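> okay, here's the prediction I keep looking at, along with the sequence it came from:
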Amino acid sequence: MKIACVQMDIAFGNPERNFEAIETYIEEAANAKADVVVLPEMWNAGYALDKLDVLADKDGSRTKELFSRLAGAYEVNIVGGSVATKKRDGFYNTMYVASRTGEIVTEYDKAHLFKLMAEHHFLNAGQKMNIFELDGVTCGGIICYDLRFPEWIRAHTLHGAHIMFIPAEWPAARIDHWQLLLQARAIENQCFVVGVNRTGDDPNNKFNGHTMVVAPWGEVLLSKQTGEGIFYAELDLKQVEAVRKMIPVFQDRRTDLY
Ligand SMILES: NC(=O)CCC(=O)C(=O)O
């Protein structure tokens, strides 16, 4: 499975520019024969949280329309990072995923809100997990700060996820945590982890990418890129079962103790 990771610089508070850029990125990744294109967190507006009333995508309709159209036209799966959405009861940080047929196969609201970036003042937290299928592979998707909660990723892998997608706006100041946590989650859950981070600056933070793809044995397939661009990785999905057979962590869990 060929994964295209879109490490973009997000135009702060400017959905028009970001929608245009995303369309170009998806077209480029599809032309490179990617099976899955993965986008970063909150790519429609960045963390312009005090302007959500104007900037958030109402019920995600613009985002869903774009993904359905492009996924269907290019026959490519899109793990749509996340966008700021406005729903009936407030604002959310929402991931949409479109399959190659153009169908929206899942919608997930970020479950753990990040207080250091004031999300709890502006957003509602999601209430459910996020499992979906792409090309017959069971996948999970969580968003940025969710990565710090090992139980959340474990819950997804217990539900069968062989690939965890984790879009982010993770600042450069804590990029060492990002790298270590992604690698640890892949090793402890014996799955592929695809973490796609943004690059560039916003008024409060500097971002330096380090989009990362980690294999179930902990091998880093992609990392260290700091600039804007699409970075590719090939996943050999047979590795998940091979590693789980070699060290049967899922069978050896002591569910009678914890
Ligand atoms: N956007 C986020 O959730 C950022 C999370 C983060 O920076 C962290 O250190 O955790």
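Now that the structure is in, tell me what you want to look at. The model shown is predicted, which means the values in this text are computed figures rather than measured ones. Numbers count the residues shown, from 1 in each chain.
> so what's residue 174 up against?
Shown in contact with residue 174 (C-beta atoms under 8 Å, 6 or more residues apart in numbering): no residues. C-betas here are computed from N, CA, C, even on glycine.
> so it: helix, strand or coil?
For residue 174, the assignment made with DSSP: H, G, I helix; E, B strand; the rest coil gives helix.
> what's the closest residue to residue 30 other than its chain neighbours in contact with, if anything?
Beyond its immediate neighbours in the sequence, the residue positioned closest to residue 30 (C-beta to C-beta, 6 or more residues apart in numbering) is residue 74, lying 3.5 Å away. Shown in contact with residue 74 (C-beta under 8 Å, 6+ apart): 26-27, 30.
> so which of these wins on neighbours?
Taking other C-beta atoms under 10 Å as the neighbour criterion, residue 26 ranks highest of those with 27 neighbours.
> in its sheet, which strands sit next to the longest strand seen in the chain, and in what direction?
Counting residues, the longest strand found in the chain (DSSP state E) is strand 90-98. Partner strands for strand 90-98, per DSSP bridges, with pairing direction: strand 77-79 (antiparallel), strand 83-87 (antiparallel), strand 104-109 (antiparallel).
> just the ones you listed: most buried one?
strand 77-79 (a mean of 29; mean count of other C-beta atoms under 10 Å).
> any idea of the mean pLDDT for that one?
Taken as a whole, strand 77-79 has an average pLDDT of 98.
> which of the strands paired with strand 90-98 sits closest to residue 240?
Closest to residue 240 of the strands paired with strand 90-98, according to C-beta to C-beta: strand 77-79, at 17.6 Å.
> centre of the chain to the closest one, how far?
Mean-position distance between strand 77-79 and its chain equals 10 Å (C-alpha atoms, centre = their mean, to the nearest Å).
> who touches that strand?
Residues outside strand 77-79 that contact it (C-beta under 8 Å, 6+ apart): 26, 35-39, 67, 70-71, 95, 97-100, 134-135, 139, 141, 165, 167, 194.
> per-residue confidence at residue 208?
On the pLDDT scale, residue 208 is placed at 98.
> now it: closest residue in space that isn't a chain neighbour?
With C-beta to C-beta, 6+ apart as the criterion, residue 208 has its nearest non-adjacent residue at 4.1 Å, and that residue is residue 172.
> quick one on the thing from earlier: quick check: buried residues in the longest strand of the chain?
91-98 (16 or more other C-beta atoms under 10 Å).
> show the average pLDDT along it.
Per-region confidence: strand 90-98 scores 98 on mean pLDDT.
> again, but for stretch 134-142
98.
> for stretch 181-191, same thing?
Here the average pLDDT along stretch 181-191 is 98.
> what of stretch 114-130?
On average, the pLDDT along stretch 114-130 is 98.
> flag every buried residue along that stretch.
Within stretch 114-130, the residues scored as buried using 16+ other C-beta under 10 Å are 114, 117, 119, 122-124, 126, 130.
> quick one: which of these sit in helices?
Applying DSSP state H to the buried residues of stretch 114-130, the entries found in helices are 119, 122.
> closest one of the buried residues of stretch 114-130 to the ligand?
Among those, residue 114 lies closest to the ligand (C-beta to the nearest ligand atom), at 3.7 Å.
> noted, bye for now.
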